[in-house]
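Peer 1: predicted model follows, preceded by the sequence.
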Amino acid sequence: MRVLRATFLDGQTCRDKIPCVSVVCQVAEIIDFQDVLRQRARRREHALTTRCLALMEECLAVSRIAYAGASFDERGARAVKIRQLEDLIAYAANLL
């Protein structure tokens with residue numbers, strides 16, 4: 001048997017001869033506020049990137065249609081735009 005000592009809210013202590021029982025329980029978890037802010041920012045960035053990707057894919061589809069209907073002189077400029085959009089979409093997709 002071990003003597004356990006308990007402290008009450010008013011600062012008094014008591015001693016009882018109680019068999020030693022080891023109980024471990026988690027009372028609280030300390031959360032770093034900066035981690036919470038980073039997680040919120042990541043969620044926001046993820047949502048914005050997803051939305052941006054959808055818009056760029058729509059723009060790419062419209063650009064391909066415009067390329068198909070463009071004159072021979074305009075096709076070069078439209079092809080450059082299509083390649084740039086494809087590269088930008090690939091880059092943004094890798095961020096997710």
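Peer 2: All right, it came through fine.
Peer 1: count the residues that sit near Arg78.
Peer 2: Residue crowding around Arg78 was assessed by other Cβ atoms under 10 Å; the count is 17. (Glycine included, C-beta is placed from N, CA and C.)
Peer 1: that one and Gln39, how far apart?
Peer 2: For Arg78, the distance to Gln39 equals 41 Å [Cβ to Cβ, to the nearest Å].
Peer 1: what does Ile31 give?
Peer 2: Computed as Cβ to Cβ, the Ile31 to Gln39 distance reads 10 Å.
Peer 1: list the buried residues in stretch 60-80.
Peer 2: Of the residues in stretch 60-80, those buried by neighbour count under the rule 16 or more other Cβ atoms under 10 Å are Leu60, Ser63, Arg78.
Peer 1: so the second one is in which element?
Peer 2: So that's Ser63. Taking DSSP states H and E as the definition, one finds Ser63 inside helix 33-69.
Peer 1: Glu29 too?
Peer 2: With DSSP H and E as criterion, Glu29 is part of no helix or strand.
Peer 1: so what does Asp32 look like in phi/psi?
Peer 2: Recorded main-chain torsions at Asp32 are phi -70, psi 120, according to degrees, to the nearest 10.
Peer 1: what do you get for Ile30?
Peer 2: According to degrees, to the nearest 10, Ile30 has phi -90, psi 120.
Peer 1: just the pLDDT at it, thanks.
Peer 2: According to the per-residue confidence, Ile30 scores 79 in pLDDT.
Peer 1: contacts for stretch 63-71 next, please.
Peer 2: Under the criterion Cβ atoms under 8 Å, 6 or more residues apart in numbering, residues Arg75, Arg78, Ala79, Lys81, Ile82, Leu85 lie in contact with stretch 63-71.
Peer 1: now secondary structure, pLDDT and distance to Leu48 too, for the residues you listed, in JSON lines please.
Peer 2: Supplementary listing: these in JSON lines, determined by DSSP: H, G, I helix; E, B strand; the rest coil; pLDDT from 0 to 100; distance: Cβ to Cβ, whole Å:
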{"residue": "Arg75", "secondary structure": "helix", "pLDDT": "95", "distance to Leu48": "33"}
{"residue": "Arg78", "secondary structure": "helix", "pLDDT": "95", "distance to Leu48": "27"}
{"residue": "Ala79", "secondary structure": "helix", "pLDDT": "96", "distance to Leu48": "28"}
{"residue": "Lys81", "secondary structure": "helix", "pLDDT": "95", "distance to Leu48": "23"}
{"residue": "Ile82", "secondary structure": "helix", "pLDDT": "96", "distance to Leu48": "23"}
{"residue": "Leu85", "secondary structure": "helix", "pLDDT": "96", "distance to Leu48": "18"}
